[in-house]
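>>> got a sequence here, can you build the structure:
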Amino acid sequence: MRFAMSVLRPFALLLGVVFSALVVAAPVDELDARWQGLKAFEGQFTQTQRDHDGTVLSEGAGTLALARPGKFYWAYTSPYVQTIVANGQTVWVHDPDLKQVTRRPAEAALAGTPASLLASGDSLGKGFDVLALPPTDESPKGAQGWRLTPQTADSEFDRIDVWLRGSVPVLLTFSDPLGGTTDVRFDDIKINPRFARDRFEFTPPRGHTVIGEN
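Numbering: from 1, shown residues only. Model (predicted):
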């Protein structure tokens, strides 16, 4: 499903990174302090996936909206159009050029991935060791970074680097066990916007094939 699986794993995990209660060591407390008042955000994103040699495998861009618990609207506008919507119970993946909608229960769609943090609602500190990252020449200017390392060996990712400017997300880097990385950069972020009641609902367009579970 094109970008669907790549986004369901890192970006639903992003919801867990952003919105989970973070109560463990001092770096986690600092990260938590940045996010205490954050309930939702929206903006634009770019996504770049690289292999272990740094070769670019795929690039994408679009808009997003996130709200807790477990709600997101992730719309790719390039290299083609694809929309992924989750309302906390159901995940829809819409491929308009194929006239196809894939629908799955959120718990099933995210099971076995770090995104299960969303369904469980557990504190992020229960599954990760959190360390503060010093700024480097390559890190976002004026941003503070944290490295989240899974405490279990069966995680989809070896680590997740989170960079914030104030309370605004700037960059997340997901590193996989094979040495590949996925960078997600955010722009024009609005914090705690008021979403329409149906912002995270989806109705398949007429004439589209719907596959998957209810």
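>>> what are the boundaries of the helices in the protein?
Remark: helices of the chain, listed N- to C-terminal, are 4-8, 10-19, 26-35, 106-110, 116-120; assignment by DSSP state H.
>>> CA atoms of the third one as CSV?
Looking back up the chat, that one is helix 26-35. Output for helix 26-35, consisting of C-alpha atoms alone and laid out as CSV, is shown next (Å, rounded to 0.1, in the frame of the first residue of the first chain):
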residue,chain,number,x,y,z
ALA,A,26,15.3,13.7,34.2
PRO,A,27,15.5,14.0,30.3
VAL,A,28,12.0,12.6,30.1
ASP,A,29,10.8,15.1,32.6
GLU,A,30,12.3,17.9,30.5
LEU,A,31,10.7,16.5,27.3
ASP,A,32,7.4,16.2,29.2
ALA,A,33,7.6,19.8,30.3
ARG,A,34,7.7,20.9,26.6
TRP,A,35,4.6,18.9,25.8
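>>> give me the buried positions along it.
With burial defined by 16 or more other CB atoms under 10 Å, the residues of helix 26-35 counted as buried are 27, 28, 31, 32, 34, 35. The way it works is simple: take the backbone N, C-alpha and C, and place the C-beta from them, glycine included.
>>> returning to that earlier point: lowest-confidence stretch among the helices of the chain?
Summarising mean pLDDT across the helices of the chain, the least confident stretch is helix 116-120, with a mean of 40.
>>> could I get the buried residues of helix 26-35 as JSON lines with distance to residue 205?
Formatted as JSON lines, the buried residues of helix 26-35 follow (distance: CB to CB, whole Å):
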{"residue": "27", "distance to residue 205": "45"}
{"residue": "28", "distance to residue 205": "43"}
{"residue": "31", "distance to residue 205": "40"}
{"residue": "32", "distance to residue 205": "41"}
{"residue": "34", "distance to residue 205": "39"}
{"residue": "35", "distance to residue 205": "36"}
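>>> for this protein, what helix or strand is lowest in average pLDDT?
Least confident helix or strand, the chain: helix 116-120 with a mean of 40, by mean pLDDT, DSSP states H and E.
>>> output the below-cut-off pLDDT ranges for the protein.
Counting by pLDDT under 70, the chain contains low-confidence ranges at 1-25, 35-37, 109-126, 214.
>>> residue boundaries of the strands in the protein?
When secondary structure is read from DSSP state E, the chain shows strands at 40-50, 56-67, 71-78, 82-87, 90-95, 100-105, 128-133, 144-150, 159-165, 168-175, 181-191, 209-212.
>>> could you find the closest non-adjacent residue to residue 183?
Nearest in space to residue 183, with sequence neighbours left out and distances taken as CB to CB, 6 or more residues apart in numbering, is residue 48 at 4.7 Å.
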